[in-house]
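In: Generate a structure from the sequence data that follows.
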Amino acid sequence: MNSEDMALILLAAGHSRRFGDEDKLLADLDGRPLGVHMAERLCALNWRQTLAVVVSDELRDTLTRLGFETLTPLPLAGMGDNLALAARQVGGAAGVVVCLADMPFVPLTHIAALVRALADGITIAVSAAGEAKGPPVAFSAAHIGALRALSGDEGARRILISAAVQTVSIETLSEDLSDIDTSADLERARGRFG
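Out: Numbering: from 1, shown residues only. Here you go, the predicted model:
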């Protein structure tokens, strides 16, 4: 498979509880808002459909300019709710790639490897760094119905467990998969882009 066959879902609607009062996705990371780094990088690939679940009006405007169809989650929606909201908008794609906007360092080569891995009975490709596994994740179309049925804050964990024999892990460096959850994480991340 390749990205032209896939829908992209960017989740940019977290509540940033551990970050403090500031919207972490609008916090400056080397001259741009944190939530823009991954979005801009993903736009370098051609996608069948690009969707973003986003709370901030400022970030929504930027993502719209980048070509994302933006969706507004319900108040207090969890990751599963947000993923289901986006999955319900997917139409005719061979699968979906789910990325998080607070993971600014995932290389495009890794995203492309996740997509290519969906073949020959493999219906899920999950990112891995050693024992740690998680997003970004690529799902074949066989799982879109299950993604649409998610709810709460668990995300797609149940789908990953139920489809373990059809899942492959795609290794990358742990620093590529680092996410920004706290202001200390943001401080450590500064300087990596410049």
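
In: so the residue of the chain most remote from its centre, which of the three states?
Out: Largest separation from the mean C-alpha position in the chain: residue 120, at 24.0 Å (Cα atoms, centre = their mean). Classification of residue 120 by DSSP: H, G, I helix; E, B strand; the rest coil places it in coil.

In: Residue 73 now?
Out: coil.

In: from memory it sits against residue 84, does it?
Out: No: counting by Cβ atoms under 8 Å, residue 73 stays clear of residue 84, with 9.9 Å between them. In short, each C-beta sits where N, CA and C put it, glycine included.

In: for the chain, which strand is longest?
Out: Assignment by DSSP state E gives strand 132-140 as the longest strand of the chain.

In: For that strand, buried residues please.
Out: 133-140 (16 or more other Cβ atoms under 10 Å).

In: elements contacting that strand?
Out: strand 95-100, helix 108-116, strand 124-129 (3 or more Cβ pairs under 8 Å, 6 or more residues apart in numbering; DSSP states H and E).

In: Just name the most buried of the ones you listed.
Out: Highest mean neighbour count among these (mean count of other Cβ atoms under 10 Å): strand 95-100, with a mean of 24.

In: who touches the residue nearest the centre of the chain in this structure?
Out: By Cα atoms, centre = their mean, the chain has its centre lying nearest to residue 99, at 1.1 Å. Contacts here follow Cβ atoms under 8 Å, 6 or more residues apart in numbering; on that basis residue 99 touches 8-11, 38, 42, 106, 111, 135-136.
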